[in-house]
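Undergrad: fold the following for me, if possible:
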Amino acid sequence: MSGIALVLGATGGVGGETARALLARGWQVRGLVRQILPGLDPRIDWREGDAMIRGDVLAAAEGANALIHAVNPPGYREWDKRVLPMLENSIEAAWANDARLALPGTIYNYDPAETPVARPDSPQEPGTRKGAIRKAMEARIAESGVRALILRAGDYYGPRPGNSWLSQGMITPGKPVTRVTNPGRRGTGHAWAYLPDVGETFARLLDREAELPRFARFHFAGHWDPDGSGFPAAIAAAAGGKAKHVRLPWALLPLAAPFNPTLRELIEMRPFWNHPVRLDNRELVAFLGEEPHTGLVESLRTSLEALGSLE
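TA: Got it, this is the predicted structure:
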């Protein structure tokens, strides 16, 4: 199947990669942005508007077959007040066009201390504010009855990452990698998701609309770092192998958090660095035949090059 897809968040990480993957498969892709500026992908049909304004979303979604809801408030400002109203607008637009609503899911829906392996039907018992909102988002979609697709993945990284641990907490974009900061606890596994692979997975799933259940939910395994040391080591390898490894000084972060909303969000996610949450992708592999997968060092080299962090 190919058709018209509206991507909310098409200038971001998962939204942008999903848009590119859909374009490669022959879809017509629209993107909703507050202002059309030079430098935007000319292959996308850009529409000016705000995801918080229902009329803007409805106008941009007219005639769409799929709506990808991959939008977040800039810098997480008023995240808790804006996320659910934005989702309501997307639900309304999906209903108006009988379109499938696609949502990037997160591991934050789970209690990491109780869910070392998460299946699509695992109980969602979040222990964080952000996780509770994410759970409410998925529950609202299910309650609405709209045709839906939720693809859950671990921490994102990629050449155009938006907010990510790699670009905001582990290296310094724009500078060669001489030091890699590791947020994880020794011996604790962590799930990583390369954004182009996630976008390709969304595109392959949306291409098979006729075979999807009305409410479809899949897990994307991505790259599993079994003890928390493999991903930092791969960063160093991708950068030439000479980077110093240091631990993130979690105890010092609260001192700066009052002045930095993004930092406050990162601190809240510390339990996911102290406990492993691995995503079981068997349903996804059974449906697609395989999970799109780029090698770890290769994907990191591409990411670091795009971030200006290779010599």
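
Undergrad: quick one, helices of the stretch 101-250 of the chain?
TA: Along the stretch 101-250 of the chain, the segments classed as helices by DSSP state H, counting those that start in this stretch run 129-144, 165, 195-207, 230-238.

Undergrad: as CSV, those helices with mean neighbour count would be great.
TA: Placement of C-beta: from N, CA and C, glycine included. As requested, the helices of the stretch 101-250 of the chain are arranged in CSV below (neighbours: other CB atoms under 10 Å):
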stretch, mean neighbour count
helix 129-144, 17
helix 165, 23
helix 195-207, 24
helix 230-238, 20
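
Undergrad: of those, which is nearest Leu279?
TA: Leu279 sits nearest to helix 195-207 of all these, at 11.7 Å, using CB to CB.

Undergrad: format the helices of the stretch 101-250 of the chain as a markdown table; extra columns: mean pLDDT and distance to Glu283.
TA: Output for the helices of the stretch 101-250 of the chain, formatted as a markdown table (pLDDT from 0 to 100; distance: least, CB to CB, whole Å):
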| stretch | mean pLDDT | distance to Glu283 |
| --- | --- | --- |
| helix 129-144 | 95 | 16 |
| helix 165 | 88 | 26 |
| helix 195-207 | 98 | 11 |
| helix 230-238 | 96 | 25 |
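
Undergrad: can you list the ones you listed in a markdown table and add distance to Ala96?
TA: Supplementary listing: these in a markdown table, determined by distance: least, CB to CB, whole Å:
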| stretch | distance to Ala96 |
| --- | --- |
| helix 129-144 | 12 |
| helix 165 | 37 |
| helix 195-207 | 18 |
| helix 230-238 | 42 |
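
Undergrad: nearest to Trp46, out of the ones you listed?
TA: When the helices of the stretch 101-250 of the chain are ranked by proximity to Trp46 (CB to CB), helix 195-207 comes first, at 18.1 Å.

Undergrad: how far does that closest one sit from the chain's center?
TA: Helix 195-207 has its C-alpha centroid displaced from the chain centroid by 12 Å (CA atoms, centre = their mean, to the nearest Å).

Undergrad: only alpha carbons, please: show that helix as PDB.
TA: What follows is helix 195-207, C-alpha atoms only, in PDB (Å, rounded to 0.1, in the frame of the first residue of the first chain):
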ATOM      1  CA  LEU A 195      16.200   6.000  14.100                       C
ATOM      2  CA  PRO A 196      16.500   5.100  10.400                       C
ATOM      3  CA  ASP A 197      15.700   1.500  11.300                       C
ATOM      4  CA  VAL A 198      12.700   2.600  13.300                       C
ATOM      5  CA  GLY A 199      11.400   4.800  10.500                       C
ATOM      6  CA  GLU A 200      11.800   1.900   8.000                       C
ATOM      7  CA  THR A 201       9.900  -0.400  10.400                       C
ATOM      8  CA  PHE A 202       7.000   2.100  10.600                       C
ATOM      9  CA  ALA A 203       7.000   2.400   6.800                       C
ATOM     10  CA  ARG A 204       6.900  -1.400   6.300                       C
ATOM     11  CA  LEU A 205       4.100  -1.800   8.800                       C
ATOM     12  CA  LEU A 206       2.000   1.000   7.200                       C
ATOM     13  CA  ASP A 207       2.600  -0.500   3.800                       C
END
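
Undergrad: contacts only, for the nearest residue in space to Pro159 that is not next to it in sequence.
TA: The shortest distance from Pro159 to any non-neighbouring residue, by CB to CB, 6 or more residues apart in numbering, is to Ala306 (3.3 Å). Taking CB atoms under 8 Å, 6 or more residues apart in numbering as the criterion, Ala306 is in contact with Gly158, Pro159, Arg160.

Undergrad: let's see which of those residues end up in strands.
TA: Per DSSP state E, strands hold no members of these.

Undergrad: which secondary structure element of this structure has the lowest mean pLDDT?
TA: Each helix and strand of the chain was given a mean pLDDT (mean pLDDT, DSSP states H and E); the minimum falls on helix 253-256 at a mean of 70.

Undergrad: sorry, back to before: wait, which of the helices of the stretch 101-250 of the chain is closest to Ala286?
TA: Distance to Ala286, taken as CB to CB, is lowest for helix 195-207 among the helices of the stretch 101-250 of the chain, at 12.6 Å.
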